[in-house]
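A.B. asks: Coordinates for the following, if possible.
(2 chains)
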Number of protein chains: 2
Amino acid sequence: MRVNPQELPEGLADPDEGISVEELQLAARNHGMPLEALAYDITPVGMHYLLTHWDVPETDAETWTVGVDGLVDRSLSLSVDDLRARPAVTMAVTMECAGNGRARLSPRPISQPWIQEAVGTAEWTGTPLAPILSEAGLRSDAVEILFTGADHGIQGEVEQDYQRSLSIEEAMREEVLLAYAINGQPLPPQHGSPVRLIVPGWYGMTSVKWLRTIEAVPEPFEGFQMDAYRIRDHADDPGVPVTYLRPRALMIPPGFPEFLSRRRHVDAGPTEIRGRAWSGAGPVAGVEVSIDGGASWSDADLGPQPSRWAWAPWSFLWQAAAGKYELLCRATDRAGNVQPVDQEWNFHGLQNNMTQRVPVLVR
Amino acid sequence: MRVNPQELPEGLADPDEGISVEELQLAARNHGMPLEALAYDITPVGMHYLLTHWDVPETDAETWTVGVDGLVDRSLSLSVDDLRARPAVTMAVTMECAGNGRARLSPRPISQPWIQEAVGTAEWTGTPLAPILSEAGLRSDAVEILFTGADHGIQGEVEQDYQRSLSIEEAMREEVLLAYAINGQPLPPQHGSPVRLIVPGWYGMTSVKWLRTIEAVPEPFEGFQMDAYRIRDHADDPGVPVTYLRPRALMIPPGFPEFLSRRRHVDAGPTEIRGRAWSGAGPVAGVEVSIDGGASWSDADLGPQPSRWAWAPWSFLWQAAAGKYELLCRATDRAGNVQPVDQEWNFHGLQNNMTQRVPVLVR
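C.D. replies: Residues are numbered from 1 along each chain as shown, chains lettered A, B, ... in the order given. Below you'll find the model as predicted:
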């Protein structure tokens, strides 16, 4: 259904426009991962980034079922116990919001105003989706799998349940899970309790939380959330869909911060700069660090990814001498993607992976 | 030490000034409790509000010790195992940031820009502080207990470890804990791992995280964080210290929201409005609800507080008819405090408890 248009902010902020009340409301609810949490292989629950479009639904794991229907030979209704009784897989997966970095774009698209922290790596436990779809018997006229969550609201004047689809090929990837646990614990409400989809390598919008139904459909799904996550030059550009994570490296800002400005202070001497890097399109190939604002780059030491879908640790030894610096880091992947130093702007501010910049004062 | 002043925003925002980048950086790191989490007696980890002044320190529970020294007969050094071997208390405690509501003030004090969600109720497990102070043997010339955390940074141009003090009387209250678990789990990094202070009934700044030392001191501590948490009319006003939580009721916004505006839509008919209420100064005495923007008020049904220091559930049955409404709720406590409908402005935007306002469209 359509509701009356409301007086919403325009799509793009004016050049000198501060963050609006609407953006702040989202920032106060949702949260990024404080970058010092890059210290952990697995992000503790509560430090992992979180983006909820509407409200976190109240759910009951005891009575919850996930329906499998549409173009299948046998509809299924799976309780949480049913899912737990199936083969279990535990996998470390780096997840990032497709809007990460949006607030650094100029002009700034008005939505959840992420700076660069909308990421985290959790150890998800669940059961693979593919055997479930096989058991249901996908019919030959099915072209996509549509996933519907229990979260409900209005976006772009459209009232909707949260829905995203995947091609049959993507949905049948062996690493796609119906997850019921995070970091060894039952999913908490905000991460999709009691069951969510996990699609490793993709931006987070695809990993539908509070999963209610899995439906095989005869045509590509064209609902709101498919349209919303497209890379567009302008509002009327048909654009291209957001899919796999682009490469990104982030560092733990060294030293200690000022409360308000978050500017960093470091003591002169050898300083280990540490961080993580990831890419959905291919394994991480390398990380480079610049201590001069991007004028020159040096290779960081890159550790192994704990799984194909989880971030790799990296470190770089910096001989810090007194002065002012701007530190940068950038990742490349084996698919040949290099993180851009400058913004690659698009209308919704999606899959932007321009490099982090960390001003540092060395004393 | 003092460092060079930097170009920071002024203390108060101009009337039409949007949220600054500095405020957004804080909002992206710290986070409120999404108000739908008022559905839970105990806030799940990850939905509880969180405010970290500087960085979340990396700590090691295996080697961590809490020192007890200063004006005591016997200095102590307590490991986490030592604390766990002592008598354990588990207690539900509602904690709120002293800056909650700051972003709704006009003019807006520039700091962490909370709207109204900086609250949560956790079940903390720890050991009482008072017997530890007794074992150490407080000397008669001790007037305060000073608590020092491992978080370190610059605020107000002062480089500091996070430090807060309590009077001997407050520190010896039986419900003051050294907590090592939250909701039955070891503290996660962001909540003060491995040991933090819990001071039930006070605003959150007093419950020092990542607790390193407990020192009996001969004079009232006048460090930065004591000065920062004072109610002032203007920058030069000596002000009065922030202590116990003022009464506040919050509701789960009914119906469902729009993504960006967060405006609520409700179907006509009987609608249960639910929420929680708390006060540090006394038990919650009552909650009132207004559905007409504050022109008239009705009593809500108030449930029991699970402990003196935890919020009480309340509910109100609203016969919603089509139209536009503004819903409010306000709490009173047995100490005679009533939540104000309008702002009680102060320079740092502290312990502001003006009532929540929820615009609702009923269809």
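A.B. asks: check contacts around the residue of chain A positioned farthest from its centre.
C.D. replies: Note on chain A: the largest C-alpha distance from the chain mean falls to A:Ala322, namely 36.8 Å (Cα atoms, centre = their mean). Contact partners of A:Ala322, counting by Cβ atoms under 8 Å, 6 or more residues apart in numbering or on different chains, are A:268, A:362-363. Every residue, glycine included, has its C-beta placed from N, CA and C.
A.B. asks: and stretch A:327-339 with chain B, contact?
C.D. replies: No - judged by Cβ under 8 Å from any Cβ of the partner chain, stretch A:327-339 stays clear of chain B, getting no closer than 15.7 Å.
A.B. asks: In that stretch, which residues are buried?
C.D. replies: With burial defined by 16 or more other Cβ atoms under 10 Å in any protein chain shown, the residues of stretch A:327-339 counted as buried are A:327-333, A:337, A:339.
A.B. asks: How about stretch A:171-190?
C.D. replies: Judged by neighbour count using 16+ other Cβ under 10 Å, the buried positions of stretch A:171-190 are A:171-173, A:175-183, A:187-190.
A.B. asks: list the contacts for A:Arg308?
C.D. replies: When contacts are counted by Cβ under 8 Å, 6+ apart, A:Arg308 is found next to A:175, A:200-201, A:283.
A.B. asks: Verify the stated contact: A:Gln343 with A:Arg108.
C.D. replies: No - A:Gln343 lies out of contact with A:Arg108 (Cβ atoms under 8 Å); the separation is 10.5 Å.
A.B. asks: more neighbours, the two?
C.D. replies: For A:Gln343 versus A:Arg108, neighbours defined as other Cβ atoms under 10 Å in any protein chain shown are more numerous around A:Arg108 (21 against 15).
A.B. asks: Can you give me the neighbour number for the residue lying closest to that one once chain neighbours are set aside?
C.D. replies: With sequence-adjacent residues excluded and distances taken as Cβ to Cβ, 6 or more residues apart in numbering or on different chains, A:Arg108 is closest to A:Ala13, at 4.3 Å. A count of neighbours around A:Ala13, defined by other Cβ under 10 Å, yields 21.
A.B. asks: On the pLDDT front, check A:Ala13 for me.
C.D. replies: According to the model's per-residue confidence, A:Ala13 sits at a pLDDT of 89.
A.B. asks: in stretch A:40-51, what counts as buried?
C.D. replies: With burial defined by 16+ other Cβ under 10 Å, the residues of stretch A:40-51 counted as buried are A:40, A:42-51.
A.B. asks: what's the answer for stretch A:352-363, then?
C.D. replies: Along stretch A:352-363, the positions that meet the burial threshold by neighbour count (16+ other Cβ under 10 Å) are A:352-356, A:358, A:360-362.
A.B. asks: now do stretch A:275-283
C.D. replies: Applying a neighbour-count criterion of 16+ other Cβ under 10 Å, the buried positions in stretch A:275-283 are A:275-280, A:282.
A.B. asks: ok, so of the buried residues of stretch A:352-363, who is nearest B:Ala235?
C.D. replies: Nearest to B:Ala235, judged by Cβ to Cβ, of these is A:Leu361 at 25.9 Å.
A.B. asks: Quick check, that closest one in contact with A:Glu326.
C.D. replies: No - the pair A:Leu361 and A:Glu326 fails to qualify as a contact (Cβ under 8 Å) at a distance of 10.7 Å.
A.B. asks: before we move on, the earlier item: kindly reformat the buried residues of stretch A:327-339 as CSV containing distance to A:Ala235 and secondary structure.
C.D. replies: Putting the buried residues of stretch A:327-339 into CSV (distance: Cβ to Cβ, whole Å; DSSP: H, G, I helix; E, B strand; the rest coil) gives the following:
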residue, distance to A:Ala235, secondary structure
A:Leu327, 36, strand
A:Leu328, 32, strand
A:Cys329, 33, strand
A:Arg330, 30, strand
A:Ala331, 31, strand
A:Thr332, 32, strand
A:Asp333, 31, strand
A:Asn337, 27, coil
A:Gln339, 27, coil
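A.B. asks: circling back to that earlier point, cross the contacts of A:Ala322 against strands and list the overlap.
C.D. replies: A:Val362 (DSSP state E).
A.B. asks: JSON lines for the contacts of A:Ala322, including distance to chain B and pLDDT?
C.D. replies: Supplementary listing: the contacts of A:Ala322 in JSON lines, determined by distance: Cβ to the nearest Cβ, whole Å; pLDDT from 0 to 100:
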{"residue": "A:Ala268", "distance to chain B": "15", "pLDDT": "98"}
{"residue": "A:Val362", "distance to chain B": "12", "pLDDT": "98"}
{"residue": "A:Arg363", "distance to chain B": "8", "pLDDT": "94"}
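A.B. asks: in a helix, that's where A:Leu38 is, yeah?
C.D. replies: Yes - under the criterion used here (DSSP: H, G, I helix; E, B strand; the rest coil), A:Leu38 sits inside a helix.
A.B. asks: and the gap between it and B:Lys209?
C.D. replies: Here the criterion is Cβ to Cβ, to the nearest Å. By it, A:Leu38 lies 20 Å from B:Lys209.
A.B. asks: What of A:Gln163?
C.D. replies: When A:Gln163 is compared with B:Lys209 (using Cβ to Cβ), they lie 40 Å apart.
A.B. asks: More neighbours: which of these two?
C.D. replies: For the pair A:Gln163 and B:Lys209, the greater number of neighbours falls to B:Lys209 (27 against 18), based on other Cβ under 10 Å.
A.B. asks: Show the contacting residues for the residue nearest to the more buried one when sequence neighbours are not counted.
C.D. replies: Taking Cβ to Cβ, 6+ apart as the measure, B:Lys209 lies nearest to B:Gly192, with 3.1 Å between them; neighbours along the chain are not counted. Counting by Cβ under 8 Å, 6+ apart, B:Gly192 makes contact with B:149, B:179, B:207-211.
A.B. asks: Return the member of those nearest to chain A.
C.D. replies: Relative to chain A, the closest of these is B:Trp210; by Cβ to the nearest Cβ it sits at 12.2 Å.
A.B. asks: What sits closest to the closest one if chain neighbours are left out?
C.D. replies: Spatially, and ignoring its direct neighbours in sequence, B:Trp210 is nearest to B:Ala150 (3.9 Å; Cβ to Cβ, 6+ apart).
A.B. asks: Wasn't the one you found part of a strand?
C.D. replies: Yes - with three-state DSSP as the criterion, B:Ala150 is located in a strand.
A.B. asks: any idea how far it is from chain A?
C.D. replies: Using Cβ to the nearest Cβ, to the nearest Å, we find B:Ala150 at a distance of 11 Å from chain A.
A.B. asks: That residue: neighbouring residues, count only.
C.D. replies: For B:Ala150, the number of neighbouring residues by other Cβ under 10 Å comes to 21.
A.B. asks: can you give me the helices in the stretch 151-300 of chain A?
C.D. replies: Counting by DSSP state H, counting those that start in this stretch, one finds helices in the stretch 151-300 of chain A at the ranges A:168-171, A:224-228.
A.B. asks: Between those, which shows the greatest average number of neighbours?
C.D. replies: Ranked by mean neighbour count, these are led by helix A:224-228 with a mean of 18 (mean count of other Cβ atoms under 10 Å in any protein chain shown).
A.B. asks: Let me see the contact set for the residue nearest to A:Arg108.
C.D. replies: Under the contact definition (Cβ under 8 Å, 6+ apart), the residues listed for A:Ala13 are A:20, A:107-110.
A.B. asks: Over to A:Asn100?
C.D. replies: Taking Cβ under 8 Å, 6+ apart as the definition of contact, the neighbours of A:Asn100 are A:49, A:114, A:116-119, A:248, A:352-353.
A.B. asks: Of those residues, which belong to helices?
C.D. replies: Among the contacts of A:Asn100, no member falls in helices (criterion: DSSP state H).
A.B. asks: Just put those residues in JSON lines and tack on distance to B:Ala28 and pLDDT.
C.D. replies: Putting these into JSON lines (distance: Cβ to Cβ, whole Å; pLDDT from 0 to 100) gives the following:
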{"residue": "A:Tyr49", "distance to B:Ala28": "9", "pLDDT": "98"}
{"residue": "A:Trp114", "distance to B:Ala28": "7", "pLDDT": "97"}
{"residue": "A:Gln116", "distance to B:Ala28": "9", "pLDDT": "96"}
{"residue": "A:Glu117", "distance to B:Ala28": "6", "pLDDT": "97"}
{"residue": "A:Ala118", "distance to B:Ala28": "8", "pLDDT": "98"}
{"residue": "A:Val119", "distance to B:Ala28": "12", "pLDDT": "98"}
{"residue": "A:Arg248", "distance to B:Ala28": "16", "pLDDT": "98"}
{"residue": "A:Asn352", "distance to B:Ala28": "15", "pLDDT": "94"}
{"residue": "A:Asn353", "distance to B:Ala28": "17", "pLDDT": "97"}
